[in-house]
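*Asks:* Quick one: sequence and predicted model below, then my questions.
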Amino acid sequence: MLFHPTESPDEFTKYWAVDRGDRMEVFCVEIAGYEMHYGVDAYENVLGHDGFRIYGPRGSSYDFYDYWYFDENDTPRFLAAGSNCLYETDLNGGGTKEL
């Protein structure tokens, strides 16, 4: 599966979608005038899940980090939101990372 933003005719709206081969499944919409510094990377064992996070600008000095994972039906599910200096670490020694 591929993750990517696709831009609509409205220059400020970006759609995040999963490529299902025969169709695109939109699961997130970002409305912002920013065009650069968006991305996706993987995470492991955060709040009991493995998945991917989308990141990008929401202001001149504010970046967002949205954590997503795929459930048992292969559907993208939102896990958590964070901003700027975000750390993934096992704070309580329970074996999973917290944010």
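*Replies:* That came in fine, so what should we check first? Numbering: from 1, shown residues only.

*Asks:* so what's Leu79 closest to, chain neighbours aside?
*Replies:* Tyr67 (4.2 Å; CB to CB, 6 or more residues apart in numbering). C-beta: built from backbone N, CA, C; applies to glycine.

*Asks:* Now tell me which helix or strand of this structure has the poorest mean pLDDT.
*Replies:* Ranking every helix and strand in the chain by mean pLDDT, DSSP states H and E puts strand 3-7 at the bottom, with a mean of 48.

*Asks:* and the next element down the chain from it?
*Replies:* strand 13-19 (DSSP states H and E).

*Asks:* which neighbours does that following strand have in its sheet, and in what orientation?
*Replies:* strand 3-7 (antiparallel), strand 24-31 (antiparallel) (DSSP bridges).

*Asks:* Mind checking what helix or strand follows the last one in sequence?
*Replies:* Meaning strand 24-31. Remark: after strand 24-31, the chain's next helix or strand is strand 39-46, criterion DSSP H and E.

*Asks:* Give the rounded mean pLDDT of that following strand.
*Replies:* Computed over strand 39-46, the mean pLDDT rounds to 92.

*Asks:* Name the surrounding residues that touch that strand.
*Replies:* 3-4, 50-56, 67, 79-80, 88, 95-99 (CB atoms under 8 Å, 6 or more residues apart in numbering).

*Asks:* What residues of the helix or strand following that strand count as buried?
*Replies:* Next helix or strand after strand 39-46 toward the C-terminus (DSSP H and E): strand 49-59. The neighbour-count check on strand 49-59 (16 or more other CB atoms under 10 Å) flags His49, Gly51, Phe52, Arg53, Ile54, Tyr55, Gly56, Pro57 as buried.

*Asks:* OK, contacts around the closest residue in space to the first one that isn't next to it in sequence?
*Replies:* With CB to CB, 6+ apart as the criterion, His49 has its nearest non-adjacent residue at 4.1 Å, and that residue is Tyr69. Contacts for Tyr69 were tallied using CB under 8 Å, 6+ apart; they are His49, Asp50, Gly51, Phe52, Pro76, Arg77, Leu79.
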